[in-house]
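Asker: Next input, structure requested:
(4 chains)
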Amino acid sequence: MQPAINNAAAPAGIRVQARLFALYREAAGSDLLAVQVPADSTVRDLWGHLRAAQPALARADGLMAATAFAVNGTWARPDQALRDGDEVAFLPPVSGG
Amino acid sequence: MQPAINNAAAPAGIRVQARLFALYREAAGSDLLAVQVPADSTVRDLWGHLRAAQPALARADGLMAATAFAVNGTWARPDQALRDGDEVAFLPPVSGG
Amino acid sequence: MSDPIPTVPSAFGPFEVTADPLSVDQLAAEVQTAADGAVVTFIGLVRDNHQGKQVIALEYEAYPELAVREMRALGEAVAAQHGLHGIGIRHRTGRLAVGEVSVVIAVAAPHRAAAFAACADALDRLKATVPVWKKEWYTDGSAWIGQAAG
Amino acid sequence: MSDPIPTVPSAFGPFEVTADPLSVDQLAAEVQTAADGAVVTFIGLVRDNHQGKQVIALEYEAYPELAVREMRALGEAVAAQHGLHGIGIRHRTGRLAVGEVSVVIAVAAPHRAAAFAACADALDRLKATVPVWKKEWYTDGSAWIGQAAG
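Answerer: Below is the predicted model of the structure:
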């Protein structure tokens, strides 16, 4: 059950997009989720919301030492407030090279 | 005057080939000189002989901090004795790369 | 994402994420200037083992917009720190077989010492900050590589 | 000398002197093995100035037989010292314009630190011992480069 995801009819919230990569993308089964959250939500709130809605994502997050965040393509702190239309990325520890 | 160079008729000597590179090659006007020297000659003797025979080569040698020597494609000390048929190379300080 | 992979113009050189094979010669030529006597490059390869397991392929995934921005930021910081004119980074994405090139960093400098130092520096920063991930494929499964939780 | 430029087979990679243009991609591919995760390359370029003078070209001359032997000896010593599988060096000869590649050194290693250290080490040795000389061409003349006496 993922009641708040893709629920455009809910009132008094903002709509954001969650981008997921690598382990998180596979756990969620999607690289992009449209989500409605309360208007005063932070990045951390959204991440908690996604993990609660998707237990596989919570398990994947638990495997990682740290998750990093970006809003609209720029690094963000977990307490950053979200605005309607934001694209919020959830990044497992990087392993490129 | 270069009396001992290309003088195949001289007796009691050995014939060697001198290879010259870079500044020395240009000073001598040749990259390969056939030389006859006394049978007990060393690498140093040959170099002295060449410089005496070719003043431009002596001037070029004077510009260099050190000349290195090789006999038959292997590094050699200046006191190495020459044998008939040796190829003796005279190398200015290297500057590759 | 159906958008084309983004590129960010920089005065120092290209910083790109691409699914295409990488050419070291090309990147080196793009970063060098007439005043440079040296280019040092780092070429990342898919190797056949990791932590005792046989690896048959690596799958690279990027957050392309942010990866390009980060590569440019670190590249320009390294260039400024070492007084360089040219630096570029291309990182490949997708599934790569053993021996294929995953990333190329090219650094041009008037002299060799700065080129070596800057290239190693850029690589360390890339591995620490650029949002790219790799999944190792084994004969019997696969795993995303990353810092495991303590 | 009308003999072809000699090459010496080595288990580690090619060590060659050639009049042909150099390819970094080709040399990197020749030295890498399936166990290597990194190749570091040094690319020597003709630059447009030296000690305040404008340079329009460099002319490289080698003692090819000894240069190849020296490159192989230093390459194998560096490989042994750093525990590497693959290293190769190609040095070009002839007259090269500004921006052309004079030498490429490629070092393959399982991990990056050894590759950087070994490549820098090989370059230092090459510049100290390999019998290759360069002549700088200026707008108003030329000069062989080497350690001046006194």
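Asker: which residues sit in contact with the residue lying closest to C:Leu84 once chain neighbours are set aside?
Answerer: Here the nearest residue to C:Leu84 in space, its sequence neighbours aside, is C:Ala109; by C-beta to C-beta, 6 or more residues apart in numbering or on different chains that works out to 5.2 Å. Quick note: C-beta positions are derived from backbone N, CA and C, even for glycine. C:Ala109 makes contact with C:36-40, C:82-85, C:115, C:118, according to C-beta atoms under 8 Å, 6 or more residues apart in numbering or on different chains.
Asker: give me the beta-bridge partners of C:Ala109?
Answerer: On the basis of DSSP bridges, C:Ala109 is bridged to C:Ala38.
Asker: per-residue pLDDT, it?
Answerer: At C:Ala109 the predicted local distance difference test score is 97.
Asker: now swap in C:Ser10 and tell me
Answerer: For C:Ser10, the model assigns a pLDDT of 88.
Asker: Of all residues in chain C, which one is closest to chain B?
Answerer: C:Arg112 (8.1 Å; C-beta to the nearest C-beta).
Asker: Break down chain A into its strands, ranges please.
Answerer: Secondary structure of chain A by DSSP state E: the strands cover A:13-20, A:32-38, A:68-71, A:74-76, A:87-91.
Asker: Now C:Phe42. Nearest residue, chain neighbours left out?
Answerer: Leaving aside its chain neighbours, C:Phe42 sits nearest to C:Ile105 (4.4 Å; criterion: C-beta to C-beta, 6+ apart).
Asker: Ok, A:Met64 next?
Answerer: Taking C-beta to C-beta, 6+ apart as the measure, A:Met64 lies nearest to A:Pro92, with 5.0 Å between them; neighbours along the chain are not counted.
Asker: And for A:Pro78?
Answerer: Across the structure, with C-beta to C-beta, 6+ apart as the measure, the residue nearest A:Pro78 apart from its sequence neighbours is A:Arg44 (3.9 Å).
Asker: tell me, how many neighbours does the residue nearest to C:Phe42 end up with?
Answerer: When neighbours are counted by other C-beta atoms under 10 Å in any protein chain shown, C:Ile105 registers 31.
Asker: quick one: the one helix or strand it maps to to chain centroid distance?
Answerer: Assigning secondary structure by DSSP states H and E places C:Ile105 in strand C:101-109. Centre-to-centre, strand C:101-109 and its host chain are 7 Å apart (C-alpha atoms, centre = their mean, to the nearest Å).
Asker: again with stretch A:23-30
Answerer: In this view, stretch A:23-30 has its centroid 11 Å away from the chain centroid, taken as C-alpha atoms, centre = their mean.
Asker: Is it positioned near chain C?
Answerer: Yes: Stretch A:23-30 lies within reach of chain C by C-beta under 8 Å from any C-beta of the partner chain, at A:23, A:25-26.
Asker: So which residues on chain C come close to chain D?
Answerer: C:23-25, C:28, C:32, C:34-49, C:98-99, C:108, C:110, C:112, C:115-116, C:119-120, C:123.
Asker: Go again with 7 Å.
Answerer: If contacts are counted using C-beta under 7 Å from any C-beta of the partner chain, the residues of chain C sitting beside chain D are C:23-25, C:28, C:32, C:34-45, C:47-49, C:98-99, C:110, C:112, C:116, C:120, C:123.
Asker: Can you tell me the centre-most residue of chain C?
Answerer: In chain C, the centroid-proximal residue (C-alpha atoms, centre = their mean) is C:Val103; its distance is 3.7 Å.
Asker: and it, what does it touch?
Answerer: Contact criterion C-beta atoms under 7 Å, 6 or more residues apart in numbering or on different chains gives A:96-97, C:44, C:90-92 as the residues in contact with C:Val103.
Asker: Please enumerate the strands of chain C.
Answerer: Defined through DSSP E, the strands belonging to chain C, from first to last, are C:15-18, C:38-45, C:49-50, C:53-54, C:57-62, C:86-92, C:94-97, C:101-109, C:132-138, C:141-145.
Asker: Out of the ones you listed, which is the most enclosed?
Answerer: Using mean count of other C-beta atoms under 10 Å in any protein chain shown, the stretch among those with the largest mean neighbour count is strand C:101-109, at a mean of 28.
Asker: that older thread, would you list the strands of chain A in a markdown table and tack on mean pLDDT and distance to C:Glu65?
Answerer: Converted to a markdown table, the strands of chain A look like this (pLDDT from 0 to 100; distance: least, C-beta to C-beta, whole Å):
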| stretch | mean pLDDT | distance to C:Glu65 |
| --- | --- | --- |
| strand A:13-20 | 97 | 10 |
| strand A:32-38 | 97 | 13 |
| strand A:68-71 | 97 | 9 |
| strand A:74-76 | 96 | 10 |
| strand A:87-91 | 97 | 9 |
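Asker: thinking C:Val17 is in contact with C:Pro64, fair?
Answerer: Yes: assessed by C-beta atoms under 7 Å, C:Val17 is found in contact with C:Pro64 at 4.5 Å.
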